[in-house]
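# Next input, structure requested:
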Amino acid sequence: MTVRAVLFDLDGTLIDTIPLIRWTFERVFADFGLPWENGEVLHTVGLPLREIAARYMPDRADEFMERYAAFQKTRFRELTRAYPGAVETLATIKSAGYRTGVVTSKRREPALASLALTGLDQHIEAVVTADDVTKPKPDPEPVFKALELLHTRPQNAAYIGDSWYDVVAGKQAGVTTVGATWGIASREQLAEHAPDIIVDSWDEFLANL
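Residues are numbered from 1 along each chain as shown. Here you go, the predicted model:
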């Protein structure tokens with residue numbers, strides 16, 4: 001890759017919040033008496049919470065979101081961690097002169113709180129959340145927004161994420177797409193959407209920059 005800016009997904013890519021997300025959904029589903037169905041809802045990770053709430057409880061989406069936020073806050077600090085090597089990777093990228101940004105379907109408040117808690121915020125220049133766009137991922141709008149903030153053209157940027165939503169958004173925006181296998185999706189699931197590169201570690205990612 002020949003890039004000047006690197007965009008990162010947040011949950012499942014930079015921060016390991018999959019256990020927190022699963023626990024929170026389990027509590028919400030139990031509270032509302034919704035069928036768990038082997039955690040099928042986890043396949044929606046990467047979409048905005050409002051969209052997920054509307055899918056499972058269209059008439060009570062706001063209540064679903066409020067309950068989700070309340071449950072998640074109780075274990076947020078306990079179950080929010082940067083993936084091993086994430087902070088160091090960001091520091092390396094920044095010191096090499098790359099622009100950096102986060103493109104996430106998380107709401108702005110919890111996204112910024114997660115970045116601050118993990119220390120990742122020190123190495124991120126721009127953050128685009130579900131609250132900042134009209135059409136979230138897999139639409140390319142959030143990626144275009146981040147590129148605008150970083151004054152970077154699509155052909156000079158890469159976007160790494162752990163779900164197909166990230167890959168599709170990046171491809172539609174015209175950036176180099178990188179699938180990360182340590183998050184929500186398997187290598188096979190990522191490959192179905194043909195990212196430019198699939199990596200199994202931060203070292204492998206850095207080697208391809």
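# so where's this structure shaky on pLDDT?
1 (pLDDT under 70).
# domain parsing for it?
5-16+80-207, 18-75 (automatic domain parsing).
# Turn those domains into CSV, columns for mean neighbour count.
Yep, even glycine has a C-beta here, placed from its N, CA and C like the rest. As requested, these are exported to CSV (neighbours: other CB atoms under 10 Å):
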stretch, mean neighbour count
domain 5-16+80-207, 20
domain 18-75, 16
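# Tell me which residues touch Arg81, please.
15-17, 118 (CB atoms under 8 Å, 6 or more residues apart in numbering).
# mind checking how far the residue of the chain positioned farthest from its centre is from Val45?
Centroid-distance maximum for the chain: Gly33 at 27.9 Å, with CA atoms, centre = their mean. Shown here: Gly33 relative to Val45, a distance of 22 Å by CB to CB, to the nearest Å.
# do Ala180 as well
Ala180 is 13 Å from Val45, by CB to CB.
# Give the intersection of the neighbour lists for these two.
Taking CB under 8 Å, 6+ apart as the criterion, Ala180 and Val45 both touch Gly12.
# where do the strands sit along the protein?
Under the criterion DSSP state E, strands of the chain are mapped to 5-8, 15-16, 81-82, 99-103, 126-128, 157-161, 176-180, 197-199.
# which other residues reach the first one?
Residues outside strand 5-8 that contact it (CB under 8 Å, 6+ apart) are 14, 90, 93, 98-103, 124, 143, 146-147, 150, 152, 156-161, 170, 175, 209.
# Equivalent analysis for the last one, please.
In this structure, residues lying in contact with strand 197-199 by CB under 8 Å, 6+ apart are 1, 160, 176-181, 187, 190-191, 205, 208.
# With adjacent residues omitted, what lies nearest to Tyr98?
Once flanking residues are discounted, Tyr98 sits nearest to Val6: 5.3 Å by CB to CB, 6 or more residues apart in numbering.
# Quick check: the gap between the one you found and Ser114.
Distance of Val6 to Ser114, computed by CB to CB: 18 Å.
# same deal with Thr13?
Counting by CB to CB, the gap from Thr13 to Ser114 is 12 Å.
# Then Trp182?
Relative to Ser114, Trp182 is positioned 17 Å away (CB to CB).
# Over to Arg75?
Distance of Arg75 to Ser114, given as CB to CB: 13 Å.
# And for Ala157?
Distance, Ala157 to Ser114, by CB to CB: 22 Å.
# Of the contacts of strand 197-199, which pair is most distant in space?
Greatest spacing in these, by CB to CB: Met1 and Arg187 (19.0 Å).
# ok, back up a step: list just the nearest of the contacts of strand 197-199 to Ile21.
The nearest member of those to Ile21, counting by CB to CB, is Ala180 at 16.1 Å.
# show me what contacts that closest one?
The contact partners of Ala180, taken as CB under 8 Å, 6+ apart, are 9, 12-13, 160-162, 198-199, 205.
# Just name the closest of these to Ala130, please.
Ranked by distance to Ala130 (CB to CB), the contacts of Ala180 are led by Asp9 at 12.3 Å.
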